[in-house]
Structures are given as structure tokens and as C-alpha cells.
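Engineer: what follows is a predicted protein model with its sequence.
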Amino acid sequence: MSDVDHLNVVERKLIDNLRSGTYNTISVGSETTATAWTSSEVTVFGQFPTTDQTKYPAIITEMVANGVETQFMGQRLTSGSSDAIGELYGVGFNIYLMVDRPSSMSVNTGSGAETYKERRLLNYLMLNSANVLMDVDFSSTSTEVVERHFSGFREIGYNPDLETWNAVASMVLVFKNSR
């Protein structure tokens, strides 16, 4: 019987990787990691913060769905070296990016550091958040992620009521759930 809390493992890994801003890259034939930002530059929330808690630039992860993705014939699956009863289970997230007018980040562009603000900062966060999300490594956990689907960012624009630049993406991760 499995007592692994897969949903919380997946959510925690996504949040932790977004906080560190790290993703995989290739450097002279070997895989390395790059860091798009440090944990003090971008605030990552695991749920929508209250107005007084919000600090920009912000990334908000919101679990929006979960459930059985595929039921195996006979419900048998192989997990590691043992057989179990189970299925492929999916979990869906919305990932929100928010940048306000005072937000800025120093970005190394190869020819020196530049300060990114407003829409340019939002563009930088969209690309690098996608890199981070697609490279989350679950090998150090007991959760075996077998698929991930990233929809890309949509609803990109300026919200005059909040005075923020915003974007939202959806991501689904599918993992083996054994019992």
C-alpha cells in the first residue's frame, strides 16, 4: 500500500523550483543548470495571497484539478520492482505571473546586466517560468511523473485596475498512483 502524498509532492516541487528559478541547460556537451532569478527576486505563492501579503514580481501556483487520467486494464501496474494496484493520476495547475510598475530585475544579457521592468520583465518571467516548469526533476521523490503538458501563457496584458502586467498558463502532470 502506498502512503505517498503525490499531490503535495508535485505541488511542493513546482513551488520550490519556481522559487529558485533553476532549469536545465547544455554547456559544452554536458547538462548543467541555469538560474533565471534568486529566491529574493521573485515571490512565489502556493495560493492567492491577501492584498497586504502580495509582493511583486509574483508567481502564484493554483491547483485547479486532479483525478484519474488512465485506468489500467485489471488495475495492475509495475512501480519499481513490485506490482501494485493503481492508475495514472493527473493534477492540473494554473500558474499566474504578476508584475507591478515598481518591479524590476537585473538580467545578465551576455553583454552586461540590464534592468528589466514592466512588460519586458513579464516576458522574461514567462519564458523562464516555462523553462523551470518543464525541467522540474522528480527523481529525488517517490512520485513517478510520466507526462507533463504545459499550455503556454495566455491572457497576457496590462490590468489597469490592479496596475499590473499579468499572464496565466496551465500545466498538467500525470504520475503513477499505486495502492
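Structural biologist: Nice, thanks for sending it over. Because the structure is a prediction, the values reported are computed rather than measured.
Engineer: what residues does stretch 99-108 touch?
Structural biologist: 37, 41-42, 56-58, 113-119, 121-122, 124-125, 162-166 (CB atoms under 8 Å, 6 or more residues apart in numbering). Using the backbone N, CA and C atoms, a C-beta is placed for each residue, glycine as well.
Engineer: average pLDDT across it?
Structural biologist: The average of the pLDDT scores along stretch 99-108 is 94.
Engineer: gap between that stretch and the chain center?
Structural biologist: From the chain centre to the centre of stretch 99-108 is a distance of 20 Å (CA atoms, centre = their mean, to the nearest Å).
Engineer: got the buried residues for stretch 34-43?
Structural biologist: Ala36, Trp37, Glu41, Val42, Thr43 (16 or more other CB atoms under 10 Å).
Engineer: no wait, stretch 156-175
Structural biologist: Buried residues in stretch 156-175 (16+ other CB under 10 Å): 156, 164-175.
Engineer: one more: stretch 132-145?
Structural biologist: Of the residues in stretch 132-145, those buried (16+ other CB under 10 Å) are Val132, Leu133, Val136, Phe138, Thr143, Glu144, Val145.
Engineer: can you tell me the helix or strand for the fourth one?
Structural biologist: In this assignment (DSSP states H and E), Phe138 forms part of neither any helix nor any strand.
Engineer: what's the pLDDT at it?
Structural biologist: Turning to Phe138, the model gives it a pLDDT of 92.
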